[in-house]
Every structure is written in structure tokens, then in C-alpha cells.
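[1] No letters, just coordinates:
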């Protein structure tokens, strides 16, 4: 009887232990199922160049007004709006009748002046010879010489007048001062151009083969720039540029100009970058952001740009601490690096595990199961 009672008691105890063990495993599994698995990564460490971003605008290195400098009717426009033309190409033709007549009159005046000079020269030679035989007075010789000098001066005046008349006639054919793209005409064919009093703008021509990025920095930033050049070996060649819309090609510029003086009213200094434009994608007036380097950093912290969040306080990352809990971590960021990475200037250490995905599923203080990714 006692043996039977012992066997029954042992069986009951074993069932009880198994029941508690099963419940414990179930509760543990429930806890594991309630913890979110998140992908995390350690920051990358690399050598980078630190930059400051300055807004600016593009301008053509050559850009001038094409003007009419004579009076007359606009007879023709010799290009299509927006065409690229070569230096010396005819752009406009202005009525030239008046100026052709002026050239003919000037040529006639020059011929008269030469004829008068020839006569005065012959007369002077004759009276000089006559003076040797006392056939004329010395006063007559002086007068003959004076007439010759006046005739020679008249030739110079007539020659200058002819050159002026020819130049005005040449202005009737308005040509391109250099190779470039020409804007739409300001006047229609048939309009009267009154350019003698003041030149009349007919169009604009731009040489866009080389562009300039114009921007300004304050005096403190200028001092940082000088310090970076002298102490940190910052290179101001191939300065990165960004545009409002993504262009098919990437562009860099060489710092080519620094204003010799600070603008007292704005407290800024003008700078300019020279940009090659082989694809003719850049146009004058476009907005540009100049990434001007100020220092180099050999141990910069880099994180995936898509992992960075934004709120009213600024930029932040979700970091997983040693207790596998989410920590909201404000950071200060720099430029994008290698297209998808972002430089972190402060707020993160090389050993910080930051959340790379599922940012909307986590929150500060939340326990998680981290899964390390590259």
C-alpha cells in the first residue's frame, strides 16, 4: 500500500514539474516574439574632406550685349534665336544707304585734298626755284610752304573722316564679337534702330564653354579657408558643386578668384569658381551650391544617409545600447560621401550600433533584438 502511494506521489510531482517547465518555455517564447528584430550597423571610418556649403549662381565667363550703333531700319536677322554662332558671323543688317553715301563723300573729299596737296607742292617747288634768281620774294616762298602744309593736314583730316565713315558703314552689319550662343532678338525686322546717339541692344551673346560659380563668404569663413590651405593642405581644385535639379553629369570647379576687399555693407567677400561646361548643360543664372573644403579628417565617422531621421530638434539616429534598448541620439551631420553615406560630425562614436532600417517601428527606450549587418 505504501509503495503504491509513493508511485502515485512521484507521478504527480513529475507532471507538476513538466507543467511548470512548459509554462516557463511558453512565457519565454512569448517574450521573444514580442521583441522587434532590427538591423543595426557600426559606423564606417574613413578619410574625408570636410566642406562648407555656400549658395551661389552661375554666369558665363563671356557675356555681352550685341548693339546697333547706327541709325536705320533693321533689314534682317541673320541667325535663329538661340543659335551658336562663330566669332565674326553676321547677326543683323541695318539699312546702310546714308552711310554708303557718307563714305563716297569722304572719298571725294580725300581726293580733293590730295589734288590740292599736289598743286601746293608743285607751287612751293617752283617759287623756291624762282627765289634763287630773285624772281619772287622770300615772303611768297613762305606762303607757298604754308599752303603745302595746310594741304597735307587736309589730307590727314580727310583720311580720318573716310575711316570714320567706313567704320559707321561697317556698323550696319552687326557681327558676333566671339563664338557663343545668341539670345532672341530684341527688335523685329523692319524696326527703326536709332543707335548713333546711344547704342541700342539688339540681343545678347554668351560663351558658355566655361562658366563661373559666384558666391560669397564672411570674414571668419575666409580665415578658416586660409588656415585650411596653409595648415591642412586643403586643395581648392575640383571643388564639388551641386544643383537644384540632378544633372546628367557631375561638375567641379577650380577656385579662380577671391575679392581683394571685404564688402562693408554685407560683411562678405566675393569668390568665384571656374567650371568647364563641355556638355553645355550649365546656363547663366542657374542656382548652384559650392562645397568649399576647409579641412581634411582622417578618421571621419560615416553612416548610411537613409538611416538618419529629422524632427524639430534636427537630425538624429536610433542607437542600440548595451542593454539592447533604443536610444534617441541627436547628431550633427556633414556632407554626403560616396553617394549614400553621410559624415557625422558629432553625437556618435565608432562603437555605436545604429538602426539602419525600420525606423518607423522603433522608439526611444524600446527593447529590441539587434541583427548586425554591413
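    Ah, there it is. Please read all numbers here as calculations on a predicted model, not as lab measurements.
[2] what's residue 190 in contact with, if anything?
    73-74 (C-beta atoms under 8 Å, 6 or more residues apart in numbering). In this view, the C-beta of every residue, glycine as well, is placed from N, C-alpha and C.
[3] From residue 68, how far out is it?
    Per C-beta to C-beta, to the nearest Å, residue 190 is found 14 Å from residue 68.
[4] Strand partners (parallel or antiparallel) of the host helix or strand of residue 59?
    Per DSSP states H and E: residue 59 is located in strand 44-68. Applying DSSP bridges to the sheet, strand 44-68 is found paired with strand 200-218 (antiparallel), strand 287-304 (antiparallel).
[5] Throw the ones you listed into CSV and include distance to residue 357 and mean pLDDT, thanks.
    Output for the strands paired with strand 44-68, formatted as CSV (distance: least, C-beta to C-beta, whole Å; pLDDT from 0 to 100):
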stretch, distance to residue 357, mean pLDDT
strand 200-218, 37, 95
strand 287-304, 9, 88
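[6] quick one on the thing from earlier: show me the common contact partners of residue 190 and residue 68, please.
    In contact with both residue 190 and residue 68: residue 74, using C-beta under 8 Å, 6+ apart.
[7] Number of residues surrounding residue 302?
    A count of neighbours around residue 302, defined by other C-beta atoms under 10 Å, yields 20.
[8] I should have written residue 87 there, sorry.
    Other residues close to residue 87 by other C-beta under 10 Å number 12.
[9] could you measure it against residue 210, distance?
    Counting by C-beta to C-beta - residue 87 and residue 210 are separated by 15 Å.
[10] Next: residue 140.
    Residue 140 sits 69 Å away from residue 210, going by C-beta to C-beta.
[11] Tell me how many other residues surround residue 325.
    Neighbour tally, residue 325, other C-beta under 10 Å: 13.
[12] Ok, the one 10 residues further on next?
    The burial count assigned to residue 335 is 18, neighbours taken as other C-beta under 10 Å.
[13] Help me confirm that it comes into contact with residue 345.
    No: between residue 335 and residue 345 there is no contact under C-beta atoms under 8 Å: 9.9 Å.
[14] Now do the shared contacts for those two.
    residue 50.
[15] Helices of the stretch 101-250 of the chain, residue ranges please.
    Along the stretch 101-250 of the chain, counting by DSSP state H, counting those that start in this stretch, helices occupy 138-171, 219-231.
[16] Quick check: closest non-adjacent residue to the residue most central in space within the chain.
    For the chain, the residue sitting closest to the mean C-alpha position, by C-alpha atoms, centre = their mean, is residue 213 at 2.8 Å. In space, and not counting its chain neighbours, residue 213 is closest to residue 273: 4.2 Å by C-beta to C-beta, 6 or more residues apart in numbering.
[17] Please point out which parts of the one helix or strand that neighbour maps to sit buried.
    Using DSSP H and E, residue 273 maps to strand 268-276. Of the residues in strand 268-276, 268-273, 275 count as buried by neighbour count, 16 or more other C-beta atoms under 10 Å.
[18] cool, stretch 352-366 as well?
    So for stretch 352-366, counting by 16+ other C-beta under 10 Å, buried means 352-357, 359, 362, 366.
[19] again, but for stretch 278-287
    Buried, per 16+ other C-beta under 10 Å, within stretch 278-287: 282, 284, 286.
[20] my hunch is that the first one is in a strand, does that hold up?
    No: assignment of residue 282 by DSSP: H, G, I helix; E, B strand; the rest coil gives coil, placing it outside any strand.
[21] ok, residue 173 touching residue 93?
    Yes: between residue 173 and residue 93 there is a contact under C-beta under 8 Å: 5.9 Å.
[22] quick one, which of the two is more surrounded?
    Taking residue 173 and residue 93 together and counting by other C-beta under 10 Å, residue 93 has the greater number of neighbours (17 against 14).
[23] What does that one show for phi and psi?
    Per-residue torsions, residue 93: phi -120, psi 130 (degrees, to the nearest 10).
[24] for this protein, which spans come out with low pLDDT?
    Across the chain, the ranges flagged by pLDDT under 70 are 1-34, 228-235.
[25] repeat that for 50
    Scanning the chain for pLDDT under 50 picks out 1, 3-4, 6-9, 11-13, 15-31.
[26] How about residue 287, nearest residue that isn't a chain neighbour?
    Computed as C-beta to C-beta, 6+ apart, the closest residue to residue 287 that is not its neighbour in sequence is residue 244, at 5.1 Å.
[27] Tell me how many other residues surround the one you found.
    Residues within reach of residue 244, counting by other C-beta under 10 Å, total 9.
[28] returning to what we had before: what is the residue nearest to the centre of the chain paired to in the beta sheet?
    Beta-bridge partners, per DSSP bridges, of residue 213: residue 58, residue 273.
[29] residues touching residue 137, list them.
    The contact partners of residue 137, by C-beta under 8 Å, 6+ apart, come to residue 131.
[30] any idea how far the closest residue to residue 372 other than its chain neighbours lies from residue 301?
    Spatial nearest neighbour of residue 372, excluding adjacent residues (C-beta to C-beta, 6+ apart): residue 40 at 5.9 Å. Distance, residue 40 to residue 301, using C-beta to C-beta: 15 Å.
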